[in-house]
Structure formats: C-alpha cells, structure tokens
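> Just a sequence and a predicted model for now, questions to come.
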Amino acid sequence: MHRASLEVICGPMFAGKTTELMRRIATARDAGQRVLVVKPAHDTRYAQAAIVTHTGERVPAIAVTALDEALAHPADLVAIDEINFFASEAVPPIEAMLERGTSVVVAGCDLDHFGGTFTPFDALLPRATTVTRIAGTCVRCGAPSTHSERIVPITDRIIVGGIGDFVATCAACFRPCVRG
C-alpha cells in the first residue's frame, strides 16, 4: 500500500514554487495517480480555476475557500498552491488527507513581508516528509532571495499580489514592511 507523504515547497515570491508544484503534479499524473489541484478562491490574479505561474504556465485547479472542501474529492495526491493564504486552518484538513492515505504537496511563501513565519508553515514543516526551499534572485544585489518585500503601502498581513506589489530580496537587502 502507498504510504501518504507531505511535501512542502516554500520560499519567497518569484522563486518558482508554483512551477515546482506543477512538476510534482505532472510526475504524479505520469505515474497514473489521481491528482486534485487546489488553490485559494480569493487568489484571482491570473485565473479563477487554475494555478498559474508568473510566466503564464497553468494547470486546472479547483478554487476553495477552505481546505475542508477538498476532502470530498477522491485523490492519490492533493496539490495545494498558495498554502499560506489558508493559514492555520489548513492543518486539520491536511492531517485528515494524510490519515486517509492521500499524499499532499503544498507550495507557498513561508515568510511574510514583515519577516515572520507564515502559518501554516510552523505546523507543516515539522510534519513534512520532504521540504524544498527555493530561492529566487534578489532584485537589489543578485544574491539568492529569501524574502518577499512588499513595495505597496498596505500593511495587511495577506494581500493577493504579484509583480508591482512585491519584490524578491535576500536577507541583507530585505526591508520589512512597517506594521500599521
């Protein structure tokens, strides 16, 4: 019997997390697995019913307001993009998926624009079978990026944004957003 696993793909914006998630989806489908692709319903940047990279690659997905909605769909692998948008409410449904034998791979930003850890990474990282932390390129010095710096004057912890709202920076160049 297949043993369920949890894989976490994390890093700053513009590092290729969704691209890496798409690779996992393609590999699982090539192996004949039933794959359910999930995204947060309020992430409408590029498409309502697809996960989409910043370069335009896309994979069809179901948009959910809560991960509990994914439990109704049979799958061998559940691939979840932008897991940080679900916060700590993501943990119980992921645990339920794993308990029923469904593997899960999640992708998202592990650090917020204040420099703090996004939930649910604090709970998922210790449970993960595999962790892949991806770096992009710092826009200021060219070093590996570790942070997503917000460049618009909004202090809410979560906003749906992309190019023009955030830049990727290394730890040395990172300028945390000032809490409002």
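Nice, thanks for sending it over.
> Looking at strand pairing, list the partners for the residue most central in space within the chain.
The centre of the chain sits closest to residue 108, judged by CA atoms, centre = their mean, with a distance of 2.1 Å. Applying DSSP bridges to residue 108 yields these beta-bridge partners: residue 10.
> Double-check it against residue 118; I have them as touching.
Yes. Residue 108 lies in contact with residue 118 (CB atoms under 8 Å); the separation is 7.0 Å. For glycine as for every other residue, the C-beta is placed from the backbone atoms N, C-alpha and C.
> any common contacting residues for the two?
residue 84 (CB atoms under 8 Å, 6 or more residues apart in numbering).
> returning to what we had before: and the pLDDT at the residue nearest to the centre of the chain?
Looking at residue 108, its pLDDT stands at 96.
> list the contacts for it?
Listed by CB under 8 Å, 6+ apart, the contact partners of residue 108 are 9-10, 17, 81-85, 118, 121.
> how about 10 Å then?
8-11, 13, 17-18, 21, 40, 80-86, 90, 118, 120-121, 124 (CB atoms under 10 Å, 6 or more residues apart in numbering).
> Where helices are concerned, which of the residues you listed count?
Mapping these onto helices (DSSP state H) picks out 17-18, 21, 121, 124.
> from these, which two are the most distant?
18 and 124 (17.1 Å; CB to CB).
> so where's the protein shaky on pLDDT?
Residue ranges of the chain with pLDDT under 70: 1-2, 152-164, 178-180.
> For it, just list every one of the strands.
Assigned by DSSP state E, the strands in the chain fall at 6-10, 35-40, 50-52, 58-60, 62-64, 77-80, 103-108, 130-133, 136-137, 144-145, 147-150, 166-169.
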